[in-house]
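> Sequence plus the predicted model coming up.
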Amino acid sequence: MEPEEQRVRFLDLLQPIERDLENYSRRMVCDRRDFEDALQNAVLRAFRAFDRYREGASFRAWMFKILTNEIFAINRKRGRVGHAEIAVELEEMEQFTGLEFASDATLSWDSLADALDEELLAALQTLNQSERAVLLMRGIGDLRYREISECLGIPLGSVTGNLSRARQKMRAAILRSQKRSLL
Amino acid sequence: MKCAEARKFLRLYLDSELDTKTSLEIEQHLESCPECAGLFEAEKKFDQRLDRFLRHGRATPAIWKKIERQIAPARLPHVKALWPVALAASLIITLSAFLFARSRTLDLASAVEECHSAYVHQITTPEFSGSVPRQIAQQFGGRLDADAFAYRPSEPAFTSSGARLCHVEGVPVALILGHCAETPVSMIVLKKSELDHFPQIKRKLESGDPIACSRSGRYQFAARFLDDHVICMVGDEPRPMLEGLLKTVRRADG
């Protein structure tokens, strides 16, 4: 492919996912001032490596992987997180039951105010980097479990484990908010 | 399927990570078990609330323009030959900007979401069943044909309640309304030649993807080519179910 064709093709693939990449970057960086640098570095890195991208593979998953690596590197430089961030769990998908959700079946969602977003934002900050990456790749990136596993280089069981813990923490935030609203 | 097994698969089901067979078994269990149905519904609402929070925010055009400006071809031609390249580049940038603007405003997945939402909230109802009435066919204006109304999923779980003519971003489409189990599902059929109005889906389908999937708002969306038409399915169904349903679409007379 000619360089200009390559550039146009790259932008064609990039533009539909710009919003998701930006949202992901904003919520993943430890220091909010870093989100734009992370985006810019990741996009330029991806463009330089575009000849290694296999046409037909998921461009979205490929971009999320590059952006995640960039964000992890930036966060490390900020000294906010250690190197051994990815917790490798050995849980198998079959071990995850839905029973843990039963006690929350009576959540009254309509009674929750927009102030809940603040509670959720605070809860998001309490997640470790792996939990947050998995939750956001699923929630914002709409990536499949296997794609997330490949992006982060962790077993499928670790994806489900991190996702389950992340959701539990976010759920706890919602419950806290609900209890406050009842006081 | 028993309650414990259905609950074991709760997250995988809601995350559309199960195969069609297991998803269907869960659906069947939920129909007969109000307790599990309530549990799944509560979890789905949690997902929706969380997704709304996580997805809140827009792309910042200034940031992306800045980034895109830095994306340059790997090799630059000799300075003497620069002016035709500059001209071509400006044309490409203009064309890209034009396509970019259109792709943001004309996206088939988000466009048909409104049709389905209107159906779910009973704002839209079927106009006819069976063959297309003459007064409706007269409104096609050469941009749609009666064949578009002849497609149906052969999946037994799908029941059609009728069809109507609709316009999506000014494009006439056949809207076939139905249910899969008890969940409303809309099938939207348009001529392939109208896909220029929806460049994102066009690119995806023409790039060789047999089925283009997306999520728009709370609904799943899946589309494919069939004959001279584009068949879209929209519904509050797990993605594998919707894809499975789409694969079974056939022309009623074929």
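In hand now; what should we look at?
> Next, the contact list for A:Arg26, please.
Neighbour list for A:Arg26: A:32, A:35, B:57 [criterion: C-beta atoms under 8 Å, 6 or more residues apart in numbering or on different chains]. No exception for glycine: its C-beta is placed from N, CA and C like everyone else's.
> Separate out the buried members of these.
By the neighbour-count criterion of 16 or more other C-beta atoms under 10 Å in any protein chain shown, those include these buried positions: A:Phe35.
> can you tell me which of the contacts of A:Arg26 lies nearest to B:Pro172?
Proximity of those to B:Pro172, judged by C-beta to C-beta, is greatest for B:Gly57, which lies at 34.8 Å.
> what's near enough to touch the nearest residue to that closest one once chain neighbours are set aside?
Excluding the flanking residues, the one nearest B:Gly57 by C-beta to C-beta, 6 or more residues apart in numbering or on different chains is A:Asn23, at 4.7 Å. Contact partners of A:Asn23, counting by C-beta under 8 Å, 6+ apart, are A:140, B:54-57.
> let's see it at 7 Å
Contacts were defined as C-beta atoms under 7 Å, 6 or more residues apart in numbering or on different chains; by that measure A:Asn23 touches A:140, B:55, B:57.
> In helices, which of those fall?
Among the contacts of A:Asn23, DSSP state H puts B:Arg55 in helices.
> Would you mind measuring from the residue nearest to B:Gly57 to A:Leu67?
Counting by C-beta to C-beta, to the nearest Å, the gap from A:Asn23 to A:Leu67 is 11 Å.
> again with B:Leu245
Separation of B:Leu245 from A:Leu67 (C-beta to C-beta): 33 Å.
> which of the two has more neighbours?
Under the neighbour definition other C-beta atoms under 10 Å in any protein chain shown, B:Leu245 and A:Leu67 were set side by side, and A:Leu67 has more, 26 against 23.
> Within range of chain A, give me the residues from the stretch 1-150 of chain B.
Remark: the part of the stretch 1-150 of chain B in contact with chain A comprises B:7-8, B:10-12, B:15, B:17, B:38-39, B:42-43, B:45-46, B:49-51, B:53-55, B:57-60, B:63-64, B:67-68, B:70-71, B:73-75, B:92, B:96, B:100, B:103, using C-beta under 7 Å from any C-beta of the partner chain.
> Filter these down to the buried ones.
Buried, going by 16+ other C-beta under 10 Å: B:7-8, B:10-12, B:15, B:17, B:39, B:42-43, B:46, B:49-51, B:53-54, B:59-60, B:63-64, B:67-68, B:71, B:73, B:96, B:100, B:103, out of these.
> So which of those belong to helices?
Among those, the members falling in helices are B:7-8, B:10-12, B:39, B:42-43, B:46, B:49-51, B:53-54, B:63-64, B:67-68, B:96, B:100, B:103 (criterion: DSSP H).
> where in chain A is pLDDT low?
Counting by pLDDT under 70, chain A contains low-confidence residues at A:1, A:80-115, A:181-183.
> And the residue nearest the centre of it, its phi and psi?
Among the residues of chain A, the smallest C-alpha distance to the mean C-alpha position (C-alpha atoms, centre = their mean) belongs to A:Leu136, namely 2.5 Å. Backbone geometry at A:Leu136, expressed as degrees, to the nearest 10, gives phi -70, psi -30.
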